[in-house]
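Colleague: Take this sequence and fold it.
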Amino acid sequence: MATVPNVDNKRYQGLIISIALFLSLIGALLAFTFYTSNLLERNTALIDQTNQVANSAQAVIKDLFDLDSSYGEDTKSPHIQRALSRLEQNTTLITNSIAAIEQGGTITDEEGNSYDLPKIDSNAQTNIAAANEQWKALEPKIQAYLKDADNVMVPSADELTQAVEQAKTSSLFINDSLDSLTKDVFNSAERQATTIRLIQVLGVAAIFTYFLIFVFFFVRRLRETDAEALAARQETQEIMETVNTGLFLLDKDLNIGQQHSRALNNIIGSDRLAGENFTNVLRGRISDKDLKTTQQFIEQLYNPRVKEKLVDSLNPLNKVMLHNLSEDKSLDNRFLDFKFSRVYDNKDIARILVNVNDVSDAVYLEQRLEKERSQNDMQIEMLTTILNVNPKIINEFIGNTQAHIEKMNNILKNPGSSQYELEGKLKAIYREMHSLKGEASALKLHSFTKIASDAEDKLHALQNQGQLSGNDFLPLAVHLDDLLSLSNTIATLGERINRSAPTAAKSSTVQAPVVTQNPVADHVASNADFDGGLDIDLDNETDDDLLSFYNEFTKEIAARQGKRVQLKSTTLTQTSIPAHLAKPIKEISIQLLRNAVVHGIESPSVRHATGKPDVGTIDLEVQDNGSNFMLVVQDDGQGINYDSIRNKLIQEGRFGTEEANQLSKGDLLKQLFSSGFSTKEHADEDGGRGVGLDIIKAKVKEYDGKLNVNSELGQMTRFVITLPKA
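Modeller: You can find the predicted model right below:
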């Protein structure tokens, strides 16, 4: 296992000084090389400049002779203008260059690059002074000529003649002086280059000799140090092979140390751990969220301002499940407990010591005890329901549950390959699961409700993922099995308590209804003013216990939603519901009551602000008109906000803004009844997934009925369900 050494600065003082000296020699040689390169560059620039002055002097002489021979030609002609321009430019260049050479100044070439000229020796100074003297004799005469050279009104023949005569004398002296200057500079540069090469050779030889001495003395010391480290490593290895827990060190970059306990490989389930990054070892074996939290947790351990005991309570790897990634599927996932401790070097946090233990047996025991405790709580919950609810309602619930599960099983078995077929299966299963959850919630069977809600979460995720495949439906089988198990459990408990009541688990068989091909849209009435509302079907059931059941169900939802509701009915206990319509009427009633509480009735504060009583009212009425059976559910809530529906459709991307603004109220109501659409911002146990109204629509269609919706914004919403008795 890698350890943090106690560094002795004196022990490594000689090594540090030697390396520093070695680097200093190299740095000095590099600095000297840079300086000499700069010096050679300046000498080269000086040679180039003297050559340029000589060339410019020749050009001046040539242009003077040319202008003299062309005197009398129109001064505006291109030939004369070019000659005058060159003469002026070369005159200025020679004046500036001679001054720069004399003083060692800065010159700029034709491309705009600037160079610093070196100071020249005495011989060179004599030559440049001689050239400058001759130039000073010639340059004023040239300037006198150039002053009025292109002015036809002023004769300049005399000035030109004087300049030409002076050029004949001065040009020879200037060229001789500049040639001598160039030779002096070249010889000086050659001597400097020779000296530089000698110094570089000596410097390289000195560095190489020093390197050999460095290797000779310090390799021997390194051998002694390696021998000590090997002995310490051997002792550490013996310890790490003996302990039964996983031990290793983590650095700031979350890299595992080169040494770790032998038991760590078996605990983690990996042969290669030394030097690996801890996050890579855990990636794919724990959740991404836990992995990110682990990184942040270890970063805090390295923060000296954070107390170790405080941050230890936030350990995300306390009894964490490590998933098996090996090809051997017989190996189970294991639970590991990671303990992190700081390793200090004086007062600095050097490493993190990690101690890992396999606590799978203890965790499985805890899970088994927790499962048994949950089963006991569930049975108590079921017993409470059985003792407080009419046996008829309990038996109906068990039968309905088995029917829902059987129907979902049949839907899952139906083949489906196209996206349209898979989406249809998804919607159908969603409706059945939501209906089952509604009945369980009404009976306060929270175990049923929890399993159904979890299944709805998975269905909602599938509904939003876009592309579906047959394998996406496989996890639902687990939820169906759990629901069926709970249904059998409550049936068994009920049978034990009431031997005289027949149990639905043994005697009740439910025939899954056959869905008709009649589309709901055929039964939708869409008047422009919506006085007539919209049509849909359902079925009903009547009984004193049923009214009490609805009343308790409504109050429980209202309590969860922070609302106050009163359920009224004058006909439910007086009207006989046909036997074949009892189940659909009950399912639709549950969905409509939930919809009224969640979406219709306002909170007491909102109702008070609008002048309404704090307690909202829901009326549930049934009617038998001979050929049809009607269910009416009306609330005095906020009504249907069509603008809110339109905005939600735009927000979810179902319609564009322009397209949504063209939708009529009838079109908006159809969208409200579509699967997966809800105006509720956040889903909870009571609503927000967009399934309740879809169930109502499906039931109405299944029984070839009609549904009528009528609403006044801020006043009320009324659903009228009409189901044929035949």
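
Colleague: Starting from the worst-scoring helix or strand of the chain on mean pLDDT, tell me the next helix or strand along the chain.
Modeller: Confidence across the helices and strands of the chain bottoms out at helix 504-507, with a mean of 38, counting by mean pLDDT, DSSP states H and E. In the C-terminal direction, the helix or strand that comes right after helix 504-507 (DSSP states H and E) is helix 544-561.

Colleague: Hmm, Leu468 and Leu422 touching each other?
Modeller: Yes: judged on Cβ atoms under 8 Å, Leu422 makes contact with Leu468 at a distance of 4.1 Å. C-betas here are computed from N, CA, C, even on glycine.

Colleague: Now do the contacts for Asp619.
Modeller: Lys568, Ser569, Val632, Val633, Gln634, Asp635 (Cβ atoms under 8 Å, 6 or more residues apart in numbering).

Colleague: for the stretch 501-650 of the chain, which spans come out with low pLDDT?
Modeller: Scanning the stretch 501-650 of the chain with the threshold set as pLDDT under 70 gives 501-543.

Colleague: Any figure for the gap between the closest residue to Ala131 other than its chain neighbours and Val185?
Modeller: In space, Ala131 comes closest to Ser177 once its chain neighbours are excluded; the distance is 3.6 Å by Cβ to Cβ, 6 or more residues apart in numbering. In this structure, Ser177 and Val185 are 13 Å apart, going by Cβ to Cβ, to the nearest Å.

Colleague: Same question for Asn410.
Modeller: When Asn410 is compared with Val185 (using Cβ to Cβ), they lie 104 Å apart.

Colleague: Out of these two, name the residue with the larger neighbour count.
Modeller: Val185 (24 against 11; other Cβ atoms under 10 Å).

Colleague: Wasn't the more buried one part of a strand?
Modeller: No: for Val185, which was evaluated using DSSP: H, G, I helix; E, B strand; the rest coil, the result is helix, with no strand membership.

Colleague: tell me the secondary structure for the nearest residue to Gln715 once chain neighbours are set aside?
Modeller: Computed as Cβ to Cβ, 6+ apart, the closest residue to Gln715 that is not its neighbour in sequence is Gly639, at 5.7 Å. Under the three-state scheme (three-state DSSP), the conformation of Gly639 reads as coil.

Colleague: Check whether Gly639 really touches Leu713, as I assumed.
Modeller: Yes: taking Cβ under 8 Å as the definition, Gly639 is a contact partner of Leu713 at 4.3 Å.

Colleague: neighbour count winner among the two?
Modeller: Gly639 (18 against 13).

Colleague: For the more buried one, give its distance to Gly72.
Modeller: Applying Cβ to Cβ, the value for Gly639 to Gly72 is 109 Å.

Colleague: which strands and helices sit next to the helix or strand containing Asn175?
Modeller: Assessed by DSSP H and E, Asn175 sits inside helix 157-242. Using 3 or more Cβ pairs under 8 Å, 6 or more residues apart in numbering; DSSP states H and E, the elements in contact with helix 157-242 are helix 13-69, helix 122-147.

Colleague: nearest to Phe173, of the ones you listed?
Modeller: The minimum distance between Phe173 and the helices and strands packed on helix 157-242 falls on helix 122-147, with 4.3 Å, by Cβ to Cβ.

Colleague: Buried residues of the closest one, list them for me.
Modeller: Within helix 122-147, the residues that count as buried by 16 or more other Cβ atoms under 10 Å are 124, 127-128, 130-132, 134-135, 138-139, 141-142, 144-146.

Colleague: mind giving me the domain split of the protein?
Modeller: Residue ranges of the domains in the chain are recorded as 13-226, 246-358, 371-512, 518-726, according to automatic domain parsing.

Colleague: Redo these as CSV? Include distance to Met240.
Modeller: Compiled in CSV, the domains of the chain are given as follows (distance: least, Cβ to Cβ, whole Å):
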stretch, distance to Met240
domain 13-226, 20
domain 246-358, 4
domain 371-512, 38
domain 518-726, 52
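
Colleague: Comparing the ones you listed by mean pLDDT, which bottoms out?
Modeller: If you rank the domains of the chain by mean pLDDT, domain 371-512 sits at the bottom with a mean of 70.

Colleague: what about the closest residue to Gln200 other than its chain neighbours, neighbour count?
Modeller: Excluding the flanking residues, the one nearest Gln200 by Cβ to Cβ, 6+ apart is Thr33, at 6.6 Å. Burial of Thr33, expressed as a neighbour count using other Cβ under 10 Å, amounts to 14.

Colleague: ditto for the one 10 residues further on
Modeller: Residues contacting Asn43 under the criterion other Cβ under 10 Å number 20.

Colleague: How about the one 4 residues further on?
Modeller: The local packing count at Ile47 equals 16, with neighbours defined by other Cβ under 10 Å.

Colleague: so who does it touch?
Modeller: Counting by Cβ under 8 Å, 6+ apart, Ile47 touches Thr182, Val185, Phe186, Ala189.

Colleague: May I ask which of the residues you listed has the most neighbours?
Modeller: Greatest neighbour count in the contacts of Ile47, by other Cβ under 10 Å, goes to Val185: 24 neighbours.

Colleague: any idea how far Ser487 is from Ile557?
Modeller: Using Cβ to Cβ, one gets 23 Å for the distance from Ile557 to Ser487.

Colleague: which stretches of the stretch 601-726 of the chain form strands?
Modeller: In the stretch 601-726 of the chain, the strands defined using DSSP state E, counting those that start in this stretch lie at 616-624, 628-635, 706-712, 716-724.

Colleague: Now render those strands as a markdown table, adding distance to Val320.
Modeller: Putting those into a markdown table (distance: least, Cβ to Cβ, whole Å) gives the following:
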| stretch | distance to Val320 |
| --- | --- |
| strand 616-624 | 48 |
| strand 628-635 | 49 |
| strand 706-712 | 51 |
| strand 716-724 | 50 |
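
Colleague: for these, which one sits closest to Ser603?
Modeller: strand 616-624 (9.4 Å).

Colleague: what comes up buried for the closest one?
Modeller: Residues of strand 616-624 classed as buried by neighbour count (16+ other Cβ under 10 Å): Gly616, Thr617, Ile618, Asp619, Leu620, Glu621, Val622, Asp624.

Colleague: So the last one sits against Leu572, correct?
Modeller: No: applying Cβ under 8 Å as the test, Asp624 and Leu572 come out as separate, 12.0 Å apart.

Colleague: got the CA positions of the helix or strand where Ser447 lies in CSV?
Modeller: Following DSSP H and E, one finds Ser447 within helix 446-465. These are the backbone C-alpha positions of helix 446-465, laid out as CSV (Å, rounded to 0.1, in the frame of the first residue of the first chain):
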residue,chain,number,x,y,z
HIS,A,446,-52.3,2.6,0.5
SER,A,447,-50.3,-0.6,-0.3
PHE,A,448,-52.3,-1.0,-3.5
THR,A,449,-52.1,2.7,-4.2
LYS,A,450,-48.3,2.8,-3.8
ILE,A,451,-47.7,-0.1,-6.2
ALA,A,452,-50.1,1.3,-8.7
SER,A,453,-48.5,4.7,-8.5
ASP,A,454,-45.1,3.3,-9.1
ALA,A,455,-46.4,1.5,-12.1
GLU,A,456,-48.0,4.7,-13.3
ASP,A,457,-44.6,6.5,-13.0
LYS,A,458,-43.1,3.9,-15.3
LEU,A,459,-46.0,4.2,-17.7
HIS,A,460,-45.7,8.0,-17.7
ALA,A,461,-42.0,7.7,-18.5
LEU,A,462,-42.7,5.4,-21.4
GLN,A,463,-45.4,7.8,-22.6
ASN,A,464,-42.7,10.6,-22.8
GLN,A,465,-39.8,8.6,-24.2
